[in-house]
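Novice: Would you be able to build a 3D model of this:
(chains A and B)
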Number of protein chains: 2
Amino acid sequence: MRGTVYLVGAGPGAPDLLTLKAARLLAEADIVFYDALVNPAIVEMARGAKKVAVGKRCGRHSSAQRFINKRLVDASVNHRRVVRLKGGDPMLFGRAQEEIDALAAAGVPFEVVPGITSALSAAADLGVSLTRRGVARSASFVTPRSGEGESPGHWIQAVLATDTSAIYMGLGEAASISAALIDAGKSARTPVVIVENASLPNSRRVAGTLGDLPDMAAQGFDGPALILLGEVYRELISLESMHHERVSA
Amino acid sequence: MRGTVYLVGAGPGAPDLLTLKAARLLAEADIVFYDALVNPAIVEMARGAKKVAVGKRCGRHSSAQRFINKRLVDASVNHRRVVRLKGGDPMLFGRAQEEIDALAAAGVPFEVVPGITSALSAAADLGVSLTRRGVARSASFVTPRSGEGESPGHWIQAVLATDTSAIYMGLGEAASISAALIDAGKSARTPVVIVENASLPNSRRVAGTLGDLPDMAAQGFDGPALILLGEVYRELISLESMHHERVSA
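Specialist: Next comes the predicted model:
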């Protein structure tokens, strides 16, 4: 008898933003492989499971990925319910495809359980919708990180062509993101928000403009952070300026 | 004492894809206003609440929207916990902003609870990641529906500039979507999948190419459906052709 591998989205961080299905699968799991960035309180929900930390979300090499693939396939031999827990949603910058392909090739039954991706959680925290009638009818989800053989500036066109953009895994490259978008014709006055630790009690946000992004990014973020960009955020800048004026007054 | 209004994402349809937080808020709600498209099994989770159906997702007029805004504000006077339940995620084609603005203007405390948007649920059902190393590093979420004063072809550039696209509320306009994208230079052989009733037991999918989209859309879909488009879906077409060959053989 062969076990099933569940690729489960852990959501943005808050344990109560797990889906009911994800919570049930964790409670029933025999073994859980989890990304280093997943909130420990969520991993603990797998009360009866063996818990194995694997890889890191950023800078993981393909050899490490092949090792994870092998461990998932191997685990299905001795365990009925194997959970592979990934931050956010597995199918959006979650690198799920390599694991899915390895499981399919080995004939291991698998199922993907979606999770709340951080852009939606950040939008909820901010109270600003990604789409908005008359202002934003399209949203893009991009990352400036490129893999082998990929054109490094590929994400720029996506941001230029959509009303609202969520830039994942971009904070460390904020200066080059700002320069590249302005060079490509995006206004330096485009509203931008950085949201760190979306959904968590220590969530933090800084609003400003694309021209200010390098300075904004230098304000000591160390949790997972997302860059949001588009006209829908203009009001946040005014609120922030008003707040600053009030504080200085 | 004033109640709080929770704008809650009901997710794609399956009750177990609600978040833990959404399920708790429904169980505790005094009154729930729900969109016509939300699965009745989810509405029933609000066991002790008065349940009020409001509007429709498509073709709702702005007068109807103003009436919903007013009902939410009024409900907060007499109820401690008011839930506004929306299909998918409130902040992505959920028209949450008008309700948020009305609540903020009236001084009503509110909170947004994210939900699984149908593109992520469809990706999980298909086992095909929206992003994939070396193939797709950007995703767009668009709708061909345009509001007053909006450029009707606005979504086309977003689809052209991103690797994978999810087209919401587009199935009824499949013929014009196909023609517009091909006219704009997208290959007629671009892989396309229609996913109906993502996450539900009666979920259905049809894979093909952008050129075939009008014929694909004519195959009697009546549930909520999403159009997914991009190279990541090429394998599904081959599988579907193989299946047809096997069935005809």
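Novice: how does chain A divide into domains?
Specialist: Following automatic domain parsing, one gets these domains for chain A: A:4-113, A:118-248.
Novice: immediately after the longest helix along chain A, which helix or strand?
Specialist: Longest helix of chain A, by residue count under DSSP state H: helix A:62-78. For helix A:62-78, the following helix or strand on the C-terminal side (DSSP states H and E) is strand A:81-86.
Novice: And chain B, is the helix or strand hosting A:A175 touching that?
Specialist: Per DSSP H and E: A:A175 is located in helix A:174-183. No - applying CB under 8 Å from any CB of the partner chain, one finds helix A:174-183 separated from chain B by no less than 13.2 Å. For every residue, glycine as well, the C-beta is placed using N, CA and C.
Novice: And that helix, what does it pack against?
Specialist: helix A:154-161, helix A:213-217, strand A:225-229 (3 or more CB pairs under 8 Å, 6 or more residues apart in numbering or on different chains; DSSP states H and E).
Novice: Can you tell me what sits against the longest one?
Specialist: Contacts to helix A:154-161, defined as CB atoms under 8 Å, 6 or more residues apart in numbering or on different chains, come from residues A:138, A:140, A:142-144, A:146, A:165, A:167, A:180-181, A:184-186, A:229, B:137-138, B:140, B:157-158, B:160-163.
Novice: Could you list the buried residues of that helix?
Specialist: A:H154, A:W155, A:I156, A:Q157, A:A158, A:V159, A:L160, A:A161 (16 or more other CB atoms under 10 Å in any protein chain shown).
Novice: quick revisit: and of the helices and strands packed on helix A:174-183, who's closest to A:G107?
Specialist: Nearest of the helices and strands packed on helix A:174-183 to A:G107, taken as CB to CB: helix A:154-161 at 34.4 Å.
Novice: Distance from that closest one to the middle of the chain?
Specialist: For helix A:154-161, the gap between its own C-alpha mean and the chain's C-alpha mean amounts to 18 Å (CA atoms, centre = their mean, to the nearest Å).
Novice: Which element is encountered next along the chain beyond it?
Specialist: strand A:164-167.
Novice: neighbouring contacts of that following strand?
Specialist: Residues outside strand A:164-167 that contact it (CB under 8 Å, 6+ apart) are A:118-119, A:122, A:130-131, A:136, A:138-144, A:155, A:158-159, A:177, A:226-232.
Novice: pull the CA atoms of that strand into PDB?
Specialist: As requested, the backbone C-alpha atoms of strand A:164-167 are provided in PDB (Å, rounded to 0.1, in the frame of the first residue of the first chain):
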ATOM      1  CA  THR A 164      -1.700  46.500  -9.900                       C
ATOM      2  CA  SER A 165       1.400  44.400  -9.300                       C
ATOM      3  CA  ALA A 166       2.600  42.200  -6.500                       C
ATOM      4  CA  ILE A 167       6.300  41.700  -6.600                       C
END
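Novice: With mean pLDDT as extra columns, can I get the helices and strands packed on helix A:174-183 in TSV?
Specialist: TSV is the format used below for the helices and strands packed on helix A:174-183 (pLDDT from 0 to 100):
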stretch	mean pLDDT
helix A:154-161	94
helix A:213-217	97
strand A:225-229	97
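Novice: just the strands in chain A please.
Specialist: Taking DSSP state E, the strands of chain A run over residues A:4-9, A:31-35, A:50-54, A:81-86, A:110-113, A:138-142, A:164-167, A:191-196, A:204-209, A:225-229.
Novice: Take those strands and lay them out in TSV including mean neighbour count.
Specialist: Conversion of the strands of chain A to TSV gives the following (neighbours: other CB atoms under 10 Å in any protein chain shown):
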stretch	mean neighbour count
strand A:4-9	25
strand A:31-35	24
strand A:50-54	15
strand A:81-86	27
strand A:110-113	22
strand A:138-142	29
strand A:164-167	28
strand A:191-196	24
strand A:204-209	19
strand A:225-229	26
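Novice: Mind checking those for the one nearest to B:R66?
Specialist: Distance to B:R66, taken as CB to CB, is lowest for strand A:164-167 among these, at 24.4 Å.
Novice: and the closest one, which strands flank it?
Specialist: Strand A:164-167 pairs in its sheet with strand A:138-142 (parallel), strand A:225-229 (antiparallel), by DSSP bridges.
Novice: Can you give the distance from the last one to the centre of its chain?
Specialist: Relative to its parent chain, strand A:225-229 has a centroid offset of 10 Å by CA atoms, centre = their mean.
Novice: about what we covered before: any idea which of the domains of chain A gets closest to B:L25?
Specialist: Closest to B:L25 of the domains of chain A is domain A:4-113 (CB to CB; 9.7 Å).
Novice: Wondering if the closest one reaches chain B at all.
Specialist: Yes - part of domain A:4-113 sits near chain B under the criterion CB under 8 Å from any CB, namely A:9, A:11-12, A:14-21, A:23-24, A:89-98, A:100, A:104, A:110-113.
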